[in-house]
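structure for the following, please:
(2 chains)
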Amino acid sequence: MSLIKHHEKIETNVFLLVVGIFVTVAVGGLVEIVPLFSIKSTIETVRGVRPYTPLELAGRDIYVREGCYNCHSQMIRPFRDEIERYGHYSLAAESKFDHPFQWGSKRTGPDLARVGGKYSNDWHTRHLIDPRSVVPESIMPGYPHLAQRPLSYDGIAAHMATLDVVGRGETYTPVEGAIENAVADLEAQATPDADTDALVARYSDVAFGPDRAEDEVTNMALGDLDGNPEMITEMDALVAYLQVLGTMVDFTQVDDESRTEWIR
Amino acid sequence: MASKPEWDEITGRKTTGHEWDGIKELNTPLPRWWVWVFYICIAWSVVYSLAYPSWPAMAGFFNGVTGWNARSDLDDQLDEARAARSTWLTQIAAKDVGAVLEDDTLRSYAMRGGEVLFKENCAPCHQTGGAGAYGYPTLADDEWIWGGTLDAIVTTIRHGVRDQTNDDTRFSEMTAFGEWEILTPEEIDTVAGYVYDLSHGRASEGPGQDLFVQHCAVCHSPDAKSPEGNGNLMLGGPPLNNRIFLYGGDREDIAAQVYKPQHGVMPPWEGRLSDEEIKQLAVYVYSLGVGQ
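Numbering: from 1, shown residues only, chains lettered A, B, ... in the order given. You can find the predicted model right below:
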């Protein structure tokens, strides 16, 4: 065991100790982190995932600003009890456009990874204004100010351009005209009876790719979402965001074969 | 402070050479048991990394000799759970929802399952036990907007009400009599008065009734000319001859609804819930009030 005896040399030499620590930590990183960028199944191959529309993105910023993540996770873990309550377990692919992601393990409130489409827009608005008006046992604070504050979206195009840089040009660059039309798209999504064809086509094309069927459209909440058609409020944006959560992948179309592919 | 290591006579060990105010530090080796635990841990990590998914390669990773994986493990657990319930679920899947209600075993299974599903999915709007809230219909009564037969309940759960995405969703839209200037404010007041009286069982002939027959009876009475206002399930026109109102039963509430109606939305549950789950829910909802 002469090798063991030699550890004293490293312990008593600052330079050797620093080099040793560096090598050890680097191996950890090389083995555990770097391969995630090259392993194919790190991000599962699924149809339907798309970047957020400008209104949803603005809603996401409000979600983060109000600290919703302090009580709500967005990650259904692969456990039977979670799946029976919340639905299919979350995939990495579903949060690939999230910067930062909203996973987490602390749940004071329920997980929100698949809350989209579970309740009506009206329910979300009422629940956010006064949670106890619809869920008497709720301990969530009310957010009535969201319904009164006009949404500030002057910087939405710049925000999207930045996220595109963060996403290495794979976020909004593939969505034709997303950044140029950001403000128009945002207003169209939140205005009742507005012409949303361009918006829906833009994001459906990128969600389903070149093999998109003609009648295939991506899910998004359209129109006046907070019961106040006069103004685009922060509530409109937040509801649009909540309504898209977990709805991009159609899990009725996912078969066992693709599930096997994900774990290779 | 640092000086040369020297032998300590009492313990028979060397010192580290560190000394503070005459107190010297002994160079005592780690306890043997600790060192062995450390070695065993290293050996175990090798075994562990061979047994489970571990070493990365360029495009994939070593799956481990046991073939274990969190997600495939989950699939097994779900299959196991499905198998344990299959006695009842296959019967529920094969049978029509009416037959589920008739069968004692299946009914009690569906009642328990439906109750759990209702708490998670329906109670946020329809409240515990189907008590209902402003804008969300009470299910624990005998009034139905879209029909209270088992099949009608299944259809409503499956496709929702006024949903943007579901092609077979229930849909009705009441005319905005005030906003679209079909009725004058005076006429709205008159007809709201008639509906208010109707709900209190004291409606009488007059201009209110005439307006009601002309504008409202087509959806709110089964016979389009009848002034009774006892509802039309085919069109989703709720009965008005009782005091059950979705958006308030005061005269002002009724007038507001005639001027510019509010319309509720219910999400469709097909896709989110399985067919068997929807049937269980329907049996539970049917039991809450007086089904038809």
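
and the longest helix belonging to chain B, what does it pack against?
Assignment by DSSP state H gives helix B:70-94 as the longest helix of chain B. Secondary-structure packing of helix B:70-94 (3 or more C-beta pairs under 8 Å, 6 or more residues apart in numbering or on different chains; DSSP states H and E): helix A:80-86, helix A:256-262, helix B:104-117, helix B:275-288. Where you see a C-beta, it was placed from the backbone N, CA and C, and this is true even at glycine.

just how off-centre is that helix within its chain?
Centre-to-centre, helix B:70-94 and its host chain are 21 Å apart (C-alpha atoms, centre = their mean, to the nearest Å).

what's it in contact with?
A:78-80, A:83, A:89, A:256, A:259-260, A:262-263, B:100, B:103, B:105-106, B:109-110, B:275-276, B:279-280 (C-beta atoms under 8 Å, 6 or more residues apart in numbering or on different chains).

report the mean confidence score over that helix.
Averaging pLDDT along helix B:70-94 gives 90.

buried ones in the helix or strand following it?
On the C-terminal side of helix B:70-94, the nearest following helix or strand under DSSP states H and E is helix B:97-102. Of all the residues in helix B:97-102, those buried under the rule 16 or more other C-beta atoms under 10 Å in any protein chain shown are B:97, B:100-101.

pipe those residues into TSV and attach distance to chain A and pLDDT per row.
Shown next, in TSV, are those (distance: C-beta to the nearest C-beta, whole Å; pLDDT from 0 to 100):
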residue	distance to chain A	pLDDT
B:97	21	91
B:100	20	91
B:101	24	90
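
and the residue positioned nearest the centre of chain B, what does it touch?
Centroid-nearest residue in chain B: residue B:121, 2.0 Å away (criterion: C-alpha atoms, centre = their mean). Listed by C-beta under 8 Å, 6+ apart, the contact partners of residue B:121 are A:118, B:269, B:272-273, B:281.

got a pLDDT number for whichever residue of chain B sits closest to chain A?
Going by C-beta to the nearest C-beta, chain A is nearest to residue B:56 of chain B, at 3.2 Å. Note for residue B:56: predicted pLDDT of 85.

what's the local residue count around it?
18 (other C-beta atoms under 10 Å in any protein chain shown).

quick one: mean pLDDT over the longest strand seen in chain B.
Of all segments of type strand in chain B, defined using DSSP state E, the longest is strand B:13-20. The pLDDT scores in strand B:13-20 average 86.

and it, what does it pack onto?
Against strand B:13-20 (3+ C-beta pairs under 8 Å, 6+ apart) you get strand B:7-8, strand B:23-26.

follow-up on the earlier one: list buried residues within the contacts of helix B:70-94.
The buried subset of the contacts of helix B:70-94 (16+ other C-beta under 10 Å) comprises A:78, A:83, A:89, A:262, B:100, B:106, B:109-110, B:276, B:279-280.

give me every residue in chain A lying close to chain B.
Selection of chain A residues close to chain B by C-beta under 8 Å from any C-beta of the partner chain yields A:31, A:34-35, A:38-41, A:78-80, A:83, A:85, A:87, A:89, A:117-123, A:126-127, A:133-136, A:219, A:221-222, A:250, A:252, A:256, A:259-260, A:262-264.

test my guess that residue B:289 contacts residue B:140.
Yes. Counting by C-beta atoms under 8 Å, residue B:289 does reach residue B:140; the two are 4.7 Å apart.

what about residue B:44, neighbour count?
10.

in terms of helices and strands, where is it?
helix B:32-51.

how far away from the center of its chain is that helix?
47 Å.

kindly report the same for stretch A:226-239.
20 Å.

tell me which residues of stretch A:36-53 are tucked away?
Quick answer for stretch A:36-53 (16+ other C-beta under 10 Å): A:39, A:43-44, A:46-53.

with respect to chain B, which of the residues you listed is nearest?
residue A:39 (5.9 Å).

now, which of the residues of chain A next to chain B lie within strands?
Short answer: those have none in strands (DSSP E).

verify the stated contact: residue B:144 with residue B:234.
No. Between residue B:144 and residue B:234 there is no contact under C-beta under 8 Å: 11.8 Å.

looking at the two, which has the bigger crowd around it?
The neighbour comparison of residue B:144 against residue B:234 (other C-beta under 10 Å) goes to residue B:144, with 22 against 11.

what sits against that one?
B:152, B:233, B:292.

same deal with residue A:77?
A:89-90.

and the pLDDT at it?
So residue A:77 comes in at 93 (pLDDT).

how about it, phi and psi?
phi -80, psi 160 (degrees, to the nearest 10).

next, count neighbours for the one residue in the stretch 51-200 of chain A that gets nearest to chain B.
Residue nearest to chain B within the stretch 51-200 of chain A (C-beta to the nearest C-beta): residue A:120, separated by 3.9 Å. Number of residues near residue A:120 (other C-beta under 10 Å) recorded here: 23.

sounds good, over and out.
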